[in-house]
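S.K.: attaching a predicted model along with its sequence, questions to come.
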Amino acid sequence: MITLTKYEKTKRIIDLFGAFGLLIFFLPLCLLIAFLIKLDSDGPIFADTPERVGKKGTLFKMYKFRSMVESAHELLRTSPKYKELFVRYKRNSYKLPRDPRITNIGRFIRRHSLDEIPQLLNVLRGEMSLVGPRAYYPDELREQQKKYPHTQDLVKVVLSIRPGITGVWQVSGRSEVNFDKRIAMDAEYVKNKSLFYDMIIILKTPFAMISGRGAM
């Protein structure tokens, strides 16, 4: 039988009420974004990306508004057109400063993290939390741990809890931070997690969204 700590129980209650309330608040904006995505380019409203790695290594489907061309994830890895781009993508800790796959509306919603609003559904499903580490792709974790072998123990720490929609590195530089620093920051969060710490991150998140600081 799994025994939850007081922190975990309270955090889950906050996640449920917070995610439900935010979904209602953002509903009109979500409808507008969905309309603009369909108007801007062919493809589904939600991103057709592979599963992410969650708590204890469990894979789950993350919901995000599509901000790239259809099948962008697969194209990057299989199309000769993006061969050099994929090499640069892996070299830059799985981030691209100027990604040609991003659509017009996608550039705006990514800059202000509006593409991440649907992740509130993942919070309700118990796959994510409002605050937590980043949810990585399986191949990203494998490749980055090869590149930064000293991060292997840190990854184990990070995967001990649910990933979050926002987190310490997202409000402290976001995509400007490389994998080794990101994973170290997230591991530090896990070791020092508390409801007070979560509230500080939540309060910093709106500024990070509005400013678009470090977004790609």
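M.R.: Everything's here; your move. If you're wondering where the values come from, they're calculated on a predicted model, not measured in any experiment. Residues are numbered from 1 along each chain as shown.
S.K.: make it CA atoms for all contacts and neighbour counts henceforth
M.R.: Noted.
S.K.: can you give me the end-to-end span of stretch 91-99?
M.R.: 14 Å (C-alpha to C-alpha, to the nearest Å).
S.K.: now do it: distance to the chain's middle.
M.R.: 15 Å (C-alpha atoms, centre = their mean, to the nearest Å).
S.K.: can you start the count at 36 instead of 1 from here on
M.R.: All right, first residue 36 from here; so that's stretch 126-134.
S.K.: tell me the mean pLDDT for it?
M.R.: Across stretch 126-134, pLDDT averages out at 75.
S.K.: run through the neighbouring helices and strands of the least confident helix or strand in the chain by mean pLDDT.
M.R.: Ranking every helix and strand in the chain by mean pLDDT, DSSP states H and E puts helix 118-126 at the bottom, with a mean of 81. Counting contacts by 3 or more C-alpha pairs under 8 Å, 6 or more residues apart in numbering; DSSP states H and E, helix 118-126 packs against helix 107-113.
S.K.: now do the helix it packs on: distance to the chain's middle.
M.R.: Averaging C-alpha positions (C-alpha atoms, centre = their mean) puts helix 107-113 19 Å from its chain's average.
S.K.: can you check stretch 95-113 too?
M.R.: On the basis of C-alpha atoms, centre = their mean, stretch 95-113 sits 13 Å off its chain's mean C-alpha point.
S.K.: that one spans what distance, first to last residue?
M.R.: 23 Å.
S.K.: list the buried residues for it?
M.R.: 95, 97-105, 107, 110-111 (16 or more other C-alpha atoms under 10 Å).
S.K.: who touches that stretch?
M.R.: Contact with stretch 95-113 is made by 69, 72, 76-89, 117-118, 120-121, 136-138, 140-142, 144-145, 149-154, 156-157, 162, as judged by C-alpha atoms under 8 Å, 6 or more residues apart in numbering.
S.K.: next one: stretch 80-87
M.R.: In contact with stretch 80-87 (C-alpha under 8 Å, 6+ apart) are residues 69, 72-73, 94-103, 105-106, 108, 170-173.
S.K.: can you map out the strands along the protein?
M.R.: If DSSP state E is used as the criterion, the strands of the chain fall at 87-88, 94-95, 164-166, 199-201.
S.K.: so where's the protein uncertain?
M.R.: Residues of the chain meeting the criterion pLDDT under 70: 36-39, 128, 208-211, 247-251.
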